[in-house]
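Undergrad: Got a predicted structure here, sequence first:
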Amino acid sequence: MDAYKKEVWFTILMSLAFVLTGHIGFLFTMFPVEGFFFGFPVMYIVPILFGWFGVLILTVVSGKIGNRLDEIIEEEDQQNRKKQSGEGAM
Amino acid sequence: MEEQLWQLSNPIVGIAIVVATFILFYVVSWISNRASTSVEDLYATKGGVGPVTNGLAMASTYMSIATFLGVTALILQLQVPFVILWIQFILAIPLITIIYGTSLRRMGAFSPTHFVRDRYGKTASIIAALWMILVCLMYALGQMIGIAVTFETLLGIPYLTGLLIGGFIIVGYVTIGGMSGATNNAAIQMVIIALMFIIPLGAIMKAMGSTGWYFPPLFYADMVPAMLEAMPSFFDYQYNTKWYFALIPAFTLGALGLPHLAMRVYTASSLKSARSAMIWFALALGIVFASTYTMGFAGVYFEQSTGTIIGEADADKITIILNLVYNPEWVTALVIAGAISAGLSTISGNLLAIGALISQDIVTTLKPNLTNKAKLRLGYVSIFAGGVASVLLAIDPPAFLIVSILWAFGLAGSTNAPLIIMGVWWKEANRYGAIAASLGAGIIYVVVSPFVFPNIVVSGHALTDSMGISGGMLAVPLSFLILIVVSYITNRIPALRNEAETKEVHGLIERIHGWSDINPKRYNSTVGAFIITFISAVVVIWAIMPWNL
């Protein structure tokens, strides 16, 4: 897969992951859960925990992938430039 | 029980603490901003801010006085639905960073409108800038109301006097400070907010009998049985799936159009630094947000268990009231200083965005030959004028300070976010689509808000309409829909095409993603545009169907 496709898929999937993690309450309205976790009702504490630690983990993951993507794009861009200058010289 | 008057009995300690924090902020501003000689320095600090400072400043700018006052007030009124509503606000900076922030940072933009100008041309950028000024004013309005409420409690003075005193001190501070001052101060303010909110909260929990007082954000489970007894409905979701879904277009996408937030990404020293800042942002914001839910929980618990009635006019003061009841007065004074810090950092961000919008995006677009000195002076005048306007608007405020802030999210989502997102990711998006989307969806959002025509609303549920939840669910997807359809059609009308301009725009899109060549296959997906159009149309139809709230 070329760098462009990786960039597009990274942005789509990561955005979806962030939106779902921050909207666990929305998911619970469709799939309600009974019971307690950590002393709180599940449908109260789980959205709070995901909205904090879940998002925090995703920022670490997306930061690392984003930095790697920059490198991949830069490498592919350089290769494209070399190809173009090679074609120009012929 | 009758309603009580909630204010400090001895304001001298409070005034001393607030004055001390203001002196600190003025000194930091002055030192940071001595070297501000150009507009680049004023708005983007030459892109030289490290990730920790920037991450804390992002959190501080975003958190606003609503964290201290507005959020707890609405938890008091709505209980858990408002907690669920608030959780998703943490997504703003991470989504801005990954969807378009790094691209606009690579471009070297001052503000989102700077990108809109280069991407769609002058007319679209001036329309977007005018909307963004309204967004920033509504956002700053909420802060000014909060500042006035805090000064009212601090000094025992009427609301209007509190507004004028607090408002003008803050406007002066931001005008002198510029972005360097604002960024360094915002980072300091983040620490003050965290300490002055969480530590007193721990003391309140201890006084209420909670054993988890040493970590207020999460350790209050032992109060849950008592809460269920005092108010069995506290944890109920109350609203249907549609209401919770509507939070995505109205607030999550809305946040992507907030200019003062996006500007924080551009102050990063590098793309890596911007991404690291996002981690610090999530960490800091998570702690304070979770503590806010605890404060809201404690407020409801206090009201239910003691039978104290907190009137609508005092609902915004619940954090201060709990401190007045359970903590010594000097602690309440610290909390008030924290609340003012929170308002200050957000107003700074708002006013700087207004300054950049007026001086850079409107006047410089219309008169490009202005000297650097004139631009800088104009920037300062615009910041000051924006501040005065927000003070004047706050003279007759809405019932809850947070309502105007939340309403601003939907407006930003309808008028700006689609232009930026599609502009970065879809080459076919053009000026006609952008102008039609920004004007069409923006006007519809304003029309369906109960502030303009009380009879023309989307859901019929007062708070849902006034917070822009229902309006956002209608207007934000509509904006994407208009942008895509109009762009697609006008690109196929030869008379409306300008090949040279199109080539330039395609070059810009490739460049901001890190490419030095132009490849027609990149950022040009018709399938992607079709999917967004389809989803948007479904959401628009769902929005206009009955809400049953």
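TA: That came in fine, so what should we check first?
Undergrad: Need the distance between the two termini of stretch B:248-258.
TA: End-to-end distance of stretch B:248-258 (C-alpha to C-alpha, to the nearest Å): 15 Å.
Undergrad: What residue in chain A comes nearest to chain B?
TA: Per C-beta to the nearest C-beta, A:G39 is where chain A lies closest to chain B, at 2.5 Å. (Each C-beta comes from the backbone N, C-alpha and C, glycine too.)
Undergrad: Surely that residue is in contact with B:L218?
TA: No. If you go by C-beta atoms under 8 Å, A:G39 and B:L218 don't touch, sitting 9.7 Å apart.
Undergrad: Comparing those two, which residue is more hemmed in?
TA: B:L218 (19 against 15; other C-beta atoms under 10 Å in any protein chain shown).
Undergrad: My read is that that one contacts B:A290, right?
TA: Yes. With contact defined as C-beta under 8 Å, B:L218 and B:A290 form a contacting pair (6.2 Å).
Undergrad: Give me the pLDDT value at the nearest residue to A:F37 once chain neighbours are set aside.
TA: Spatially, and ignoring its direct neighbours in sequence, A:F37 is nearest to A:I45 (5.6 Å; C-beta to C-beta, 6 or more residues apart in numbering or on different chains). pLDDT, A:I45: 97.
Undergrad: quick one: the strands in chain A?
TA: Secondary structure of chain A (DSSP state E): strands at A:36-37, A:40-41.
Undergrad: quick one: average pLDDT of the last one?
TA: I take that to be strand A:40-41. 96.
Undergrad: outside of that strand, which residues touch it?
TA: Applying C-beta atoms under 8 Å, 6 or more residues apart in numbering or on different chains, the contact partners of strand A:40-41 are A:35, B:221, B:224, B:235.
Undergrad: rerun that using 6 Å as the cut-off
TA: Contact with strand A:40-41 is made by B:221, B:224, B:235, as judged by C-beta atoms under 6 Å, 6 or more residues apart in numbering or on different chains.
Undergrad: Pull up the pairing partners for that strand, direction included.
TA: Here strand A:40-41 is paired, per DSSP bridges, with strand A:36-37 (antiparallel).
Undergrad: how long is stretch B:102-117 end to end?
TA: End residues of stretch B:102-117 are separated by 18 Å (C-alpha to C-alpha).
Undergrad: Would you pull up the residue in chain B closest to chain A?
TA: For chain B, C-beta to the nearest C-beta, closest residue to chain A: B:A221, 2.5 Å.
Undergrad: re the thing from before, from the contacts of strand A:40-41, list just the buried residues.
TA: Neighbour counting with 16 or more other C-beta atoms under 10 Å in any protein chain shown marks B:221, B:224, B:235 as buried within the contacts of strand A:40-41.
Undergrad: now these as CSV including pLDDT, distance to A:L56 and secondary structure?
TA: Converted to CSV, the buried ones among the contacts of strand A:40-41 look like this (pLDDT from 0 to 100; distance: C-beta to C-beta, whole Å; DSSP: H, G, I helix; E, B strand; the rest coil):
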residue, pLDDT, distance to A:L56, secondary structure
B:A221, 95, 21, helix
B:V224, 95, 25, helix
B:F235, 95, 24, coil
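Undergrad: what's near enough to touch the residue minimising distance to the centre of chain A?
TA: Centroid-nearest residue in chain A, with C-alpha atoms, centre = their mean: A:M14, separated by 2.0 Å. Each residue near A:M14 by C-beta under 6 Å, 6+ apart is listed here: A:62, B:98.
Undergrad: okay, and for chain A, where does confidence drop off?
TA: For chain A, the stretches flagged by pLDDT under 70 are A:1, A:87-90.
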